[in-house]
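Asks: kindly return the folded structure for what I paste below:
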Amino acid sequence: MMKNPNHGAIDNEQLVSIIERIEKLNEDTASIAADIKEIYSEAKSAGFDPKYIRQMIRLRKLDPDELDEADELTKMYRNALGI
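Replies: Residues are numbered from 1 along each chain as shown. I've put the predicted structure just below:
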């Protein structure tokens with residue numbers, strides 16, 4: 001944590017700037033979330049299952065070794081459960 005050189009005084013301009021920047025990013029986040037929701041709706045209208053699209057997005061984030069491990073574990077668990 002940064003110490004305030006003014007011994008307890010608050011830099012009002014800096015505080016307002018920080019808060020306004022965070023508020024702007026929160027607005028941007030909400031806008032992006034709405035855009036993503038719209039794309040999932042578009043995908044569903046085109047016949048794609050959003051559940052599996054989300055799963056593919058998660059899998060694409062994995063590196064190849066993690067992906068191979070996830071595949072092997074899934075197979076092992078499915079076999080153990082008889083599915």
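Asks: CA only for contacts and neighbour counts going forward, please
Replies: Fine.
Asks: is Ile39 within a helix or a strand, and which one?
Replies: Assigned by DSSP states H and E, Ile39 falls within helix 12-45.
Asks: which neighbouring elements make contact with the following helix or strand past that helix?
Replies: Downstream of helix 12-45, the next assigned helix or strand under DSSP H and E is helix 50-60. Helix 50-60 sits against helix 12-45, with contacts defined as 3 or more Cα pairs under 8 Å, 6 or more residues apart in numbering; DSSP states H and E.
Asks: which parts of the helix it packs on are buried?
Replies: Tyr40 (16 or more other Cα atoms under 10 Å).
Asks: quick one: distance of it to the chain centre.
Replies: Offset of helix 12-45 from its chain centre (Cα atoms, centre = their mean, to the nearest Å): 12 Å.
Asks: with stretch 39-57 instead?
Replies: Centroid separation between stretch 39-57 and its chain, computed with Cα atoms, centre = their mean, is 16 Å.
Asks: what about it, start to end distance?
Replies: This stretch, stretch 39-57, spans 13 Å end to end (Cα to Cα, to the nearest Å).
Asks: average pLDDT across that stretch?
Replies: Averaged over stretch 39-57, pLDDT sits at 97.
Asks: hmm, who's touching that stretch?
Replies: Taking contacts as Cα atoms under 8 Å, 6 or more residues apart in numbering, no residue outside stretch 39-57 touches it.
Asks: what of stretch 61-69?
Replies: Leu59.
Asks: and it, what's its mean pLDDT?
Replies: pLDDT averaged over stretch 61-69 gives 95.
Asks: buried ones in that stretch?
Replies: Within stretch 61-69, no residue counts as buried by 16+ other Cα under 10 Å.
Asks: restrict it to CA atoms and write it as PDB.
Replies: This file holds the C-alpha atoms of stretch 61-69, laid out as PDB (Å, rounded to 0.1, in the frame of the first residue of the first chain):
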ATOM      1  CA  LYS A  61      -7.600 -21.800 -23.500                       C
ATOM      2  CA  LEU A  62      -5.700 -25.000 -22.400                       C
ATOM      3  CA  ASP A  63      -2.200 -25.800 -23.600                       C
ATOM      4  CA  PRO A  64      -1.900 -29.100 -25.600                       C
ATOM      5  CA  ASP A  65      -0.700 -31.000 -22.600                       C
ATOM      6  CA  GLU A  66      -3.500 -29.800 -20.400                       C
ATOM      7  CA  LEU A  67      -6.000 -30.600 -23.100                       C
ATOM      8  CA  ASP A  68      -4.600 -34.200 -23.500                       C
ATOM      9  CA  GLU A  69      -4.800 -34.700 -19.700                       C
END
